[in-house]
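[1] the sequence and its predicted three-dimensional model are supplied below.
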Amino acid sequence: MDIVKEHSELSIEGDKIVMKKKIEPVDVFYAVRDEMERRGWKYVRPKQTGGDKWEPGFFEIDKAKA
């Protein structure tokens, strides 16, 4: 996927595209998110999994659109 190649912060892991680190500046993140959503991917925000541990944000296929 060309958008993953353009942004080293993104990584394909199984059926998800994971954000390994925050995409900065924030306007670039929003542009990437908007493009991914236009292509049918839904953004899932990072989640705290306990203490100071976080599950990274990721994109998954939007099953409602698939």
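    Received, thanks. Numbers count the residues shown, from 1 in each chain.

[2] what is the longest helix along the chain packed up against?
    Here the longest helix in the chain is taken by residue count, with DSSP state H as the criterion, and it is helix 26-38. Packing contacts for helix 26-38, counted by 3 or more Cβ pairs under 8 Å, 6 or more residues apart in numbering; DSSP states H and E, involve helix 2-6, strand 41-44. The way it works is simple: take the backbone N, C-alpha and C, and place the C-beta from them, glycine included.

[3] so which of the ones you listed is the most surrounded?
    Highest mean neighbour count of the helices and strands packed on helix 26-38: strand 41-44, a mean of 17 (counted as mean count of other Cβ atoms under 10 Å).

[4] just to check, residue 41 is in contact with residue 60?
    Yes. The pair residue 41 / residue 60 is scored as a contact, 6.7 Å apart, by Cβ atoms under 8 Å.

[5] what's the overlap in contacts for those two?
    Residues touching both residue 41 and residue 60 (Cβ atoms under 8 Å, 6 or more residues apart in numbering) are residue 17.

[6] picking that back up, going by mean pLDDT, which of the helices and strands packed on helix 26-38 comes out lowest?
    Comparing these by mean pLDDT, the weakest confidence falls on helix 2-6, with a mean of 93.

[7] now residue 63, what's its secondary structure?
    Recorded secondary structure, residue 63: coil (DSSP: H, G, I helix; E, B strand; the rest coil).

[8] then residue 8?
    Residue 8 falls in the coil class when you classify it by three-state DSSP.

[9] how about it, what does it touch?
    Residue 8 sits next to residue 20 when contact means Cβ under 8 Å, 6+ apart.

[10] residue 61 versus that one, what's the distance?
    From residue 8 across to residue 61, the span is 22 Å (Cβ to Cβ, to the nearest Å).

[11] likewise residue 52?
    In this view, residue 52 and residue 61 are 30 Å apart by Cβ to Cβ.
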